[in-house]
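Visitor: Whatever this is, show me its structure:
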Amino acid sequence: MDTLPEVLIDGHADTRVAFIPNIIDYVLREILKNSFRATVEAHMHQVEKPPIICTICNTPNFWTIRISDRGTGMTDNVLQQIENYCYTSFKPEPEYSHAFGQLISSGVQDQGSSLAGFGVGIPVSRAYVKFVQGKLEFQTMPGIGTDVYIKIPQLSEMLDEVRI
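Guide: Have a look, this model is predicted:
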């Protein structure tokens with residue numbers, strides 16, 4: 001693995017929102033970690049990896065982040081299981097393990113979960129997003145890539161519903 005994919009940010013990139021930072025930080029870290037892993041695995045033998053694109057959309061009631069990768073995509077079977085605790089799509093083959101190890105040691109996982117590959121990232125992310133009345137949705141094309149949508153109500157819209 002010579003390079004990591006670049007992350008491009010577009011849309012309402014200068015958006016500022018009031019929100020609980022630990023929640024969105026955890027969710028973004030988990031989704032980006034999975035996007036990096038899928039992209040690195042799918043393009044392991046290429047020097048230039050396709051970028052991961054983060055698109056931000058800010059509306060008066062919601063803000064949405066779409067993370068698009070051109071990694072391996074997911075089959076319907078994997079997509080149905082990713083919400084289950086302890087389910088992982090991580091491949092233990094030495095070539096994949098080496099690439100994922102390099103990814104983690106390169107700093108992508110700094111301050112993130114030490115439970116990478118154990119099947120807790122997506123279920124916990126979904127629980128966090130649901131806690132704040134949001135949605136976490138996956139659109140995937142096997143062999144092409146995955147788009148993950150994180151849709152969160154503006155804090156002003158949830159003040160009466162979420163107890164902190």
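Visitor: for stretch 42-53, which positions count as buried?
Guide: 42-43, 49-50, 52-53 (16 or more other C-beta atoms under 10 Å). (C-beta placed from N, C-alpha, C; glycine too.)
Visitor: swap in stretch 25-43?
Guide: Here stretch 25-43 shows 26-43 as buried, counting by 16+ other C-beta under 10 Å.
Visitor: can you tell me the helix or strand for the most centrally placed residue in the chain?
Guide: In the chain, the residue lying closest to the centroid (C-alpha atoms, centre = their mean) is Ile31, at 1.1 Å. In the assignment (DSSP states H and E), Ile31 maps to helix 21-42.
Visitor: for this protein, where's the lowest mean pLDDT among helices and strands?
Guide: helix 94-103 (a mean of 56; mean pLDDT, DSSP states H and E).
Visitor: Can you tell me which of the buried residues of stretch 42-53 lies closest to Gln139?
Guide: Nearest to Gln139 among those: Ile53, at 13.4 Å, using C-beta to C-beta.
Visitor: right, and the helix or strand after the helix holding Ile31?
Guide: Per DSSP H and E, the helix or strand that comes after helix 21-42 is strand 52-58.
Visitor: Show me what the helix or strand following that next one pairs with in its sheet, parallel or antiparallel.
Guide: Using DSSP H and E, the helix or strand that directly follows strand 52-58 along the chain is strand 62-69. In the sheet, strand 62-69 lines up against strand 52-58 (antiparallel), strand 145-153 (antiparallel) (DSSP bridges).
Visitor: didn't Val148 look like it was pressed against Glu137?
Guide: Yes - the pair Val148 / Glu137 is scored as a contact, 7.3 Å apart, by C-beta atoms under 8 Å.
Visitor: Name the residue in the two with the higher neighbour count.
Guide: Comparing Val148 with Glu137 by other C-beta atoms under 10 Å, the one with more neighbours is Val148, at 24 against 13.
Visitor: Name the spans of this structure whose pLDDT lies under the cut-off.
Guide: 1-2, 87, 89-118, 157-164 (pLDDT under 70).
Visitor: let's see it at 50
Guide: 1, 107-114 (pLDDT under 50).
Visitor: could you list every residue that touches the residue nearest to the centre of the chain?
Guide: 67, 125, 148, 150 (C-beta atoms under 8 Å, 6 or more residues apart in numbering).
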